[in-house]
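**Student:** structure of the sequence below:
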Amino acid sequence: MNRLDTAKVVVAIVAFALLGACAKAGIRFNRSAALADASEPVQQHPARPVARLLVVGDSTAVGAGAIDARASIAGRIAQVHPGVEIVNLGANGARLSDVLEQIRASGADPFDVVLVQAGGNDVIRLASAGRLAEEWGAVARAAAERSPQVILMPAGNVGTAPFFFAPVSWLMTARARTARQIAAAAARETGAVFVDLFHEPEEDPFLRDPGRFYAPDFLHPSDAGYGLWYDALEVQSGLAGKLDARRSSGPRAAAGG
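**Tutor:** This is a model prediction of the structure:
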């Protein structure tokens, strides 16, 4: 076989590999869209709420990927805190600019805690570092106007999701690492609590057992994956203590007074 023939064979192999990767990616995109379409954000409206929680964000705030909505972050909070009003304005596909609008649309009544679950779509859609800094800052400031207690919980390392193939996965990890630093800076500047879900590939629990912690689209968390995130939320933010502190001060009216 001469050099020209060898080159043709190599090109053919690469082409087939790319076609196969594209086909797999297409299947996973369809699965991801189907999971998102099937999910509904968990909300809770007791007659006399002891505290009010606003949840804003993307599909991770909605709970896409969870078989049982109660396994989502908002769903787990609702189970542990049945007396807390939960207003969940999360939307599938939302970017940080959309989250800012969610906060602005949350009404005039104050909240005891605002939980922001967002940022993954901005990483995946290649938002610049400058744009991320501007929009994370705007989201954090807007949330602070709605509550004295704000929690920023961006997505973890999207690059380790089996949804992505190398070298795209490497790019996503680098971008997620940068986004993490930017979100943490926004939290420091506004006094918000930053919940860090990012892990390097060699330390990522999701990557150690993807069949357990990822949903069938291999992008969103599964019920067990949301469990890991919820545990991280509690440990790093003390959310239960924040809600319990409000409860101990007495019930509040549904209007937030």
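**Student:** show me what contacts residue 144?
**Tutor:** Residue 144 makes contacts with 150, 190-192, as judged by CB atoms under 8 Å, 6 or more residues apart in numbering. In short, each C-beta sits where N, CA and C put it, glycine included.
**Student:** isn't residue 120 right up against residue 57?
**Tutor:** No. Contact criterion CB atoms under 8 Å: residue 120 and residue 57 do not qualify, at 9.1 Å.
**Student:** more crowded one of the two?
**Tutor:** Shown here are residue 120 and residue 57; by other CB atoms under 10 Å, residue 57 has more neighbours (31 against 25).
**Student:** ok, and for the longest strand along the chain, which residues are buried?
**Tutor:** Taking DSSP state E as the criterion, the chain has its longest strand at strand 51-57. For strand 51-57, burial by neighbour count (16 or more other CB atoms under 10 Å) applies to 51-57.
**Student:** okay if I get those residues as a markdown table plus distance to residue 93 and pLDDT?
**Tutor:** Formatted as a markdown table, these follow (distance: CB to CB, whole Å; pLDDT from 0 to 100):
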| residue | distance to residue 93 | pLDDT |
| --- | --- | --- |
| 51 | 29 | 97 |
| 52 | 26 | 98 |
| 53 | 23 | 98 |
| 54 | 20 | 98 |
| 55 | 16 | 98 |
| 56 | 14 | 98 |
| 57 | 11 | 98 |
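**Student:** ok, the residues you listed vs residue 228, which is closest?
**Tutor:** residue 57 (17.2 Å; CB to CB).
**Student:** who does that closest one bridge with?
**Tutor:** Counting by DSSP bridges, residue 57 forms beta bridges with residue 117.
**Student:** who wins on neighbours among the contacts of residue 144?
**Tutor:** Within those, most neighbours by other CB under 10 Å means residue 150, with 28 neighbours.
**Student:** identify the residues contacting that residue.
**Tutor:** With CB under 8 Å, 6+ apart, residue 150 has these contacts: 113-114, 116, 140, 143-144, 187, 190-193.
**Student:** restricted to helices, list the residues you listed.
**Tutor:** 140, 143-144, 187, 190 (DSSP state H).
**Student:** possible to save those residues as JSON lines with distance to residue 172 and pLDDT?
**Tutor:** Shown next, in JSON lines, are these (distance: CB to CB, whole Å; pLDDT from 0 to 100):
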{"residue": "140", "distance to residue 172": "23", "pLDDT": "98"}
{"residue": "143", "distance to residue 172": "26", "pLDDT": "98"}
{"residue": "144", "distance to residue 172": "29", "pLDDT": "98"}
{"residue": "187", "distance to residue 172": "22", "pLDDT": "98"}
{"residue": "190", "distance to residue 172": "26", "pLDDT": "98"}
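**Student:** cool, thanks, signing off.
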